[in-house]
Every structure is written in structure tokens, then in C-alpha cells.
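J.: I would like the atomic coordinates for the input below:
(chains A and B)
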There are 2 protein chains.
Amino acid sequence: MQPSRLSILGVGLLGGSIGLAAKAAAIPARIVGYGHRPATLKKALESGAIDESASSCKKAVAGADLVVLCTPVGLFEEMLRQIAGDLAAGAIVTDVGSTKRSVVELAEKLLPSSVHFVGSHPMAGSEKRGVEYARADLFQGARCILTPTDKTDSVALEKVDEFWRKLGMHTQRMSPQEHDRRICDVSHLPHAIAAALIAMQGDDALPLASKGFLDTTRIAGGDGALWRDILQDNRDNLIDALRRFRGTLDELVHLLEPDQREALAKWLDQAAERRAKLLAEKLRELNP
Amino acid sequence: MQPSRLSILGVGLLGGSIGLAAKAAAIPARIVGYGHRPATLKKALESGAIDESASSCKKAVAGADLVVLCTPVGLFEEMLRQIAGDLAAGAIVTDVGSTKRSVVELAEKLLPSSVHFVGSHPMAGSEKRGVEYARADLFQGARCILTPTDKTDSVALEKVDEFWRKLGMHTQRMSPQEHDRRICDVSHLPHAIAAALIAMQGDDALPLASKGFLDTTRIAGGDGALWRDILQDNRDNLIDALRRFRGTLDELVHLLEPDQREALAKWLDQAAERRAKLLAEKLRELNP
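T.: Okay, here's the model as predicted:
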């Protein structure tokens, strides 16, 4: 079964790309979008990312069989409260949030039992934001993590899984707890570190930065409020990850001692090799 | 005055690119290359990066009016000792090393007074290595830092400056001490952090890494021995930079507290804005 009415709440880079990708995948749904800025909705309509716009999220979800929350996670609570009474019985709600424990807990608490919630984290995006950067192929070959709990309806889970697969994603499943812990290390920690690497620079050194520095800090080009929500929501895991990261820096400081020449070269080569292996795996996933 | 015989010691990515760029800039020099692997020299000859190969660095520098050291900095001492007696009177020696204090000190100590040394750091490169990645446009629009001291001959300095400018670089000058301190923050520290970010990953989280992680760690894909030399050579600055970086991480941990919502968003936005400004400046430099 495919959705016949798809509601996208928050028509930015991700929401807009879902609309474009759903059309490219020939999902025969009427796509309705909601966003708090009329100009954004207009752009989404013009680009074909949505078929119609709604003036409120309550109106946007009326009659929808699949609703995708695409706003920053910090706005989910308010949005779930607003739509709870307007969702059709049997409707499936999912999201694109980068953290899953709090989102799943909120949805299970705030949505009526007649509605099914399935947490999703499509791992695609960009440091750019706005529907003008939306792309039909944004999700192609990327991973999507689904985070079912004991309360998740298995049929709804299968439908959401199928939806992301139709958009080109590789899906996998884990608990919200496991998601937040593992994603912290490879996404939230790197973001925090990239931002700190910029923040610690003095005005005399920064102009000497070259391409390498820009690449290392690219992810820190993202929206502050959006990432504030993610980092604060995953605070416990992030603090633990920072503790372990500092431990690795201690190890590095030891390796800088003159008698550790061989060990430091080996440590650096091992890092390079792990990255090369990961890159090869990613390229295989993206271009099977 | 332009060099009539240019000697490149170490024909890898940088050495090979210097040869190709010198030809593209119509510098009318005969280019002789030395490398310890015959296969590399063969490739350099075939690609046109060098006009002739030498079987030793002593032979490579004979009669050269400009010599560029392009091996990893860890090999400079041995190489300077070897060539010291074979350099022509008046020859200019420069290098492409990423650290400058030790290199300049070594060169001033080991080279005869009949020869002029000028420290250079052309800030171009890649995590790739080998003459097969050499490109005539590698230096185009990038910065090159020259590090004169009290002992540097002003005519030689001007000639080396002109050489890099002919290869398309923006040159600037500072002391070896200032170079090592400033470059540490924007290049050596990011490299150390990128490698540590890979090293601290567990095998369960790493497969979930996406494009952002690969970008953040791209520079850590470089050669271990090469970067070992750089990081150990600049150990004092790196340890100080790591200390300041940890201070910034402390600041971030404080900003993760629930009552710091506004402050954290502002901190992240400021980092994004500084990066955006830097990126705009770099693009202007590269495409004036």
C-alpha cells in the first residue's frame, strides 16, 4: 500500500526533497505541504515539491494517510500537540529528526492510539537549508534508520520502511536509544568538534586556513538553532562522546613524544586506512 | 631573473606539480628531478613534470640555480647534508615543508655560506600522494608563505617569491616562528583532530557515518609518516593548540546545559558565519 495523501510539515531542504523524490518515484500521492513562511510554500509549489499548500499544520494533516514531520526537532512537540486531534484514524506519522529518543517518546505520548508513529532518520542532507536546495535524488543510496519500540505497529513500520526505500534509501532498524548513541559518535560529535574548531580560531590564523580546513568544518556551516536542538537533545551521549574523544587526544599527545615516532605514524596510517575503507563502502552504497 | 636549471628533490604530488606548473608558466628552465624510487622518476619523466632524472640528490643539484626540497620534512636533514657540498655557488635552495622553524634552522646550519636558503610553504596539496596526482594548476590561487630570517639574502628572497607567484600563488611573508604557530591552528590541529575523530570510533558506529563525517575527516586520509613528521616537528605549538581547543570544548559542554539554549544557537551560528566569510574570501582568492 502506498500513501494517497502525503502531508509534509516543514517544507525545507528535507521536506521539499521528500516531495520531489516521491514524485520521481511515481508514488501516486497528493502531496500537501505546510510551512510557517508563505514564501517558502510558494517556492515549494512552484518547484513541484508539493501539490497544494495548507495554512496550518492542522489543515495539512486532515485526511492524510502519511504525515512526515520535517521541521527542526525543537518544534516537534508543539506540532504534535497541534495535529493530534486532526489526524485521520489509521494515519501513519513519521519524521526526519536527527535524534530519536525524545521524538519517539513525545509522539507516543501525544498522539492518539488511533494513529501510528514510526521514528525515522533519513541520513541525507546538506549544510544548506531551504526548499531551493531540495533535490529529487537527495535520498538516493543514503541510509535511513527506523527506530521502532515495543509500541510500534508492525504494519505501519513496514509501510514507512517501504516509503523510504521507494525514495532510494537503504533502511535499517534499531532502538531509539541505540540510534542516539551511535549517531552521536559519527554525526553529532563531529558537528560539535567542527564548530569548536572554528570557534577557537584567532583572527590572525583564520585567514591562513586552506581547503582542508574548509572541508573539516563544512558540517559546522549548518543552521545554529537546528543543531542546537539536536546537540541539546542528545546531550548525555554527546558529553560521553566528548569524554572519549578527549581520551583519544590524550593518547595523541603521548604519541607526539620523540620516542613515539613509529607509533604515531602507525596511528595516523590506521586512521587513514579506516577512513579509506569507509569511503569505499559508502561509494558502493551510493553506486551499487 | 628566472632559474635556468631547476632541481626538484622528491617528485611526488608537490614536486611533480611544481614541474608541470613551471612549464605551464613558461619558466624556461631545464628541470631535473630526483626521487628514491626509479618507477616514480619514470612516471615524472613520462608526464613531463621533469626533463631529466638524476640517480642521486647530489647529482640532481649539480649546476642548478634553484633547488626545491619536496620530500617529507623528516628527510630534509639527511638531504641537506648530502647536497651541501654539491650546490653551485649562488644557488638558491627552498622547500615545500609544512613546518618552518626546524627546516630553516637546519638549512642555515648545514648549507655553505655560498648558497642562499629561503623557507617556503606553498599551501596546496591533497590527501592523495604520488606524481600521478600532480597537476599544473595545483598552486593556482593558493597561498605560499615565505619565512625569511635575519640571515636570508634579500635578492634570493625576492627570486623565490617571484617563482611561486609565477606558479600562480599569492605569497606572503612571516617569521618561521609565526608561521609554525599560526599554521598549527588552521592545519596541524585540524589534522590531529580529524585523525582522533576516526581513531575514537567503535566498529558499531562507524558504518553509520555519512558524507559529513567523510568530509570532516578527509585531511586525515594523508600519509602517516609525512604527517608524523609535521606533527612531531610542531609538537609545542600543537600541544598548546590542543589545550586551547579543549578549553573551547569545555565552553561547549557548558552551552549544552538546558538554560543555554539561546547562547548555544548563537555560538553555532557564529561558527557558521565565520566559516561562510572564510569560504567567500577563499573563493575570491582562487577566482579573482
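
J.: residue farthest from the centroid of chain A?
T.: residue A:259 (43.8 Å; Cα atoms, centre = their mean).

J.: quick one, helices of chain A?
T.: In chain A, the helices defined using DSSP state H lie at A:13-24, A:38-47, A:57-61, A:76-83, A:101-110, A:154-166, A:176-183, A:189-199, A:211-216, A:224-233, A:235-255, A:261-286.

J.: any figure for the gap between the residue farthest from the centre of chain A and chain B?
T.: 10 Å (Cβ to the nearest Cβ, to the nearest Å). Heads up, the C-betas are built off the backbone N, CA and C, glycines and all.

J.: quick one, grab the pLDDT at that residue.
T.: We have a pLDDT of 97 for residue A:259.

J.: quick one on the thing from earlier: would TSV of the helices of chain A with mean neighbour count and distance to chain B be doable?
T.: Putting the helices of chain A into TSV (neighbours: other Cβ atoms under 10 Å in any protein chain shown; distance: least, Cβ to the nearest Cβ, whole Å) gives the following:
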stretch	mean neighbour count	distance to chain B
helix A:13-24	25	14
helix A:38-47	16	20
helix A:57-61	21	23
helix A:76-83	18	14
helix A:101-110	19	12
helix A:154-166	18	15
helix A:176-183	21	4
helix A:189-199	25	4
helix A:211-216	21	4
helix A:224-233	22	3
helix A:235-255	17	4
helix A:261-286	17	3
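
J.: let me have these in a markdown table, extended by distance to residue B:217.
T.: Shown next, in a markdown table, are the helices of chain A (distance: least, Cβ to Cβ, whole Å):
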| stretch | distance to residue B:217 |
| --- | --- |
| helix A:13-24 | 23 |
| helix A:38-47 | 33 |
| helix A:57-61 | 38 |
| helix A:76-83 | 30 |
| helix A:101-110 | 26 |
| helix A:154-166 | 26 |
| helix A:176-183 | 16 |
| helix A:189-199 | 8 |
| helix A:211-216 | 8 |
| helix A:224-233 | 19 |
| helix A:235-255 | 13 |
| helix A:261-286 | 5 |
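
J.: which stretch among those comes nearest residue B:287?
T.: Among the helices of chain A, the nearest to residue B:287 by Cβ to Cβ is helix A:211-216 (13.5 Å).

J.: now that closest one: average pLDDT?
T.: Mean per-residue pLDDT for helix A:211-216: 93.

J.: and if you look at stretch A:165-181?
T.: 97.

J.: distance across that stretch, terminal residue to terminal residue?
T.: Distance across stretch A:165-181, first residue to last, is 24 Å (Cα to Cα, to the nearest Å).

J.: please name the nearest non-neighbouring residue to the residue nearest the centre of chain A.
T.: When Cα atoms, centre = their mean is applied to chain A, the residue found nearest the centroid is residue A:98 (4.0 Å). Spatial nearest neighbour of residue A:98, excluding adjacent residues (Cβ to Cβ, 6 or more residues apart in numbering or on different chains): residue A:230 at 4.8 Å.

J.: residues in contact with the one you found?
T.: Residue A:230 makes contact with A:73, A:98-99, A:188, A:191, according to Cβ atoms under 8 Å, 6 or more residues apart in numbering or on different chains.
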